[in-house]
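1. with the sequence up front, the predicted model follows.
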Amino acid sequence: GQQLNQSPQSMFIQEGEDVSMNCTSSSIFNTWLWYKQDPGEGPVLLIALYKAGELTSNGRLTAQFGITRKDSFLNISASIPSDVGIYFCAGRMYSGGGADGLTFGKGTHLIIQP
Amino acid sequence: DGGITQSPKYLFRKEGQNVTLSCEQNLNHDAMYWYRQDPGQGLRLIYYSQIVNDFQKGDIAEGYSVSREKKESFPLTVTSAQKNPTAFYLCASNHSPGRRGGEQFFGPGTRLTVL
């Protein structure tokens, strides 16, 4: 199956710094989703984007749906220790009939140094 | 509270044994999914079901089987034919396909280790 190209693979940052990660695809999507996964737990949905160009915030998190519909980015401002985890992007392309599945990136592992 | 539950949290299996992982949801979602997660590889789709008594293979279905006898339940059996079953297994669900807001919500996962 197809996978998204998510970068960076890992990030080592200082507490208080801003974080930026992105996903790109060779195919278009009509929904982009961003999830966070803590160690040993299931992913938790952070932000959902439904429209090209859409910019959505959730607290210190901001995500955008790229104009080309082939990319998305997630920013985290003023990082704190609880932001540590793996962030996944996922694209959804449902055109009627068949599966309504997600295509996942491989994740960005965020590590915060005190 | 509404949500998705998976059991057990940890599971150990001897080679050659079949094991069944449980997934239950009380969100009234129509569709349910099983994913496998390995380090550095993200999530890969094993099986999915859009309605009761129907399911489809995902990208890596070989060595796995599922059933969907009830809307709330979607158990996954890892058979002895699965050559490398040690992994973290995640169950997810969402509303009917195509519906806006059909984002998938995940359970807490089951870590399977083959001894």
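-> Received the coordinates, thanks.

2. hang on, B:Tyr48 packs against B:Gln56?
-> Yes: between B:Tyr48 and B:Gln56 there is a contact under Cβ atoms under 8 Å: 5.7 Å. Glycine gets a C-beta too; all of them are placed from N, C-alpha and C.

3. who's more crowded, the two?
-> Neighbour totals were compared for B:Tyr48 and B:Gln56, and B:Tyr48 leads with 26 against 14 (other Cβ atoms under 10 Å in any protein chain shown).

4. in the sheet, who's paired with the more buried one?
-> B:Tyr33, B:Gln56 (DSSP bridges).

5. residues contacting it?
-> A:Ala99, A:Gly101, B:Ala31, B:Met32, B:Tyr33, B:Trp34, B:Phe55, B:Gln56, B:Gly58 (Cβ atoms under 8 Å, 6 or more residues apart in numbering or on different chains).

6. next, A:Asp83: phi, psi?
-> phi -80, psi -10 (degrees, to the nearest 10).

7. what about it, how many neighbours?
-> A:Asp83 - counted by other Cβ under 10 Å - has 18 other residues nearby.

8. so it touches A:Ile111, yeah?
-> No: applying Cβ under 8 Å as the test, A:Asp83 and A:Ile111 come out as separate, 9.8 Å apart.

9. need the strands for chain B, in chain order.
-> Along chain B, the stretches classed as strands by DSSP state E are B:4-7, B:10-13, B:19-25, B:31-37, B:43-51, B:54-57, B:64-66, B:76-78, B:87-94, B:105-106, B:110-114.

10. and the ones you listed as TSV, adding mean pLDDT?
-> Below are the strands of chain B laid out as TSV (pLDDT from 0 to 100):
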stretch	mean pLDDT
strand B:4-7	96
strand B:10-13	93
strand B:19-25	97
strand B:31-37	94
strand B:43-51	92
strand B:54-57	93
strand B:64-66	97
strand B:76-78	97
strand B:87-94	95
strand B:105-106	94
strand B:110-114	95
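
11. among the ones you listed, which is the most enclosed?
-> Ranked by mean neighbour count, the strands of chain B are led by strand B:31-37 with a mean of 26 (mean count of other Cβ atoms under 10 Å in any protein chain shown).
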